[in-house]
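Asks: Provided below are the primary sequence and the corresponding predicted coordinates.
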Amino acid sequence: MTSSLLLSDVARILGVKGYQINYVLVNGLVPEPRQRIANKRIFTRKDVERLADHFGINLEEKGYG
């Protein structure tokens, strides 16, 4: 997995909709990614892992372990 991902990349990896990720971030259920470029969130591997935990997704089963 690449170290810098956009919301659409993370949604594809996790198999959830982008608006679902946006909802948990905006409502503080999962911390926002630290980095933004051109006002777009840049997700790290750790950010993806936190989101996967929130949604109950096993990344190893998806081949991203």
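Replies: Happy to help now that I have it. Numbers count the residues shown, from 1 in each chain.
Asks: could I get the pLDDT score of residue 65?
Replies: pLDDT for residue 65: 64.
Asks: check residue 2 too.
Replies: The model reports residue 2 with a pLDDT of 53.
Asks: next one: the one 5 residues further on
Replies: At residue 7 the predicted local confidence, pLDDT, stands at 97.
Asks: how near is it to residue 60?
Replies: 22 Å (CB to CB, to the nearest Å). Using the backbone N, CA and C atoms, a C-beta is placed for each residue, glycine as well.
Asks: more crowded one of these two?
Replies: residue 7 (17 against 9; other CB atoms under 10 Å).
Asks: so who does that one touch?
Replies: The contact partners of residue 7, by CB atoms under 8 Å, 6 or more residues apart in numbering, come to 18, 21, 22, 40, 41, 43.
Asks: how about the first one, phi and psi?
Replies: So that's residue 18. Phi and psi for residue 18, reported as degrees, to the nearest 10, are phi -60, psi -40.
Asks: now it. Nearest residue, chain neighbours left out?
Replies: Distance criterion CB to CB, 6 or more residues apart in numbering; nearest residue to residue 18, sequence neighbours excluded, is residue 11 at 4.4 Å.
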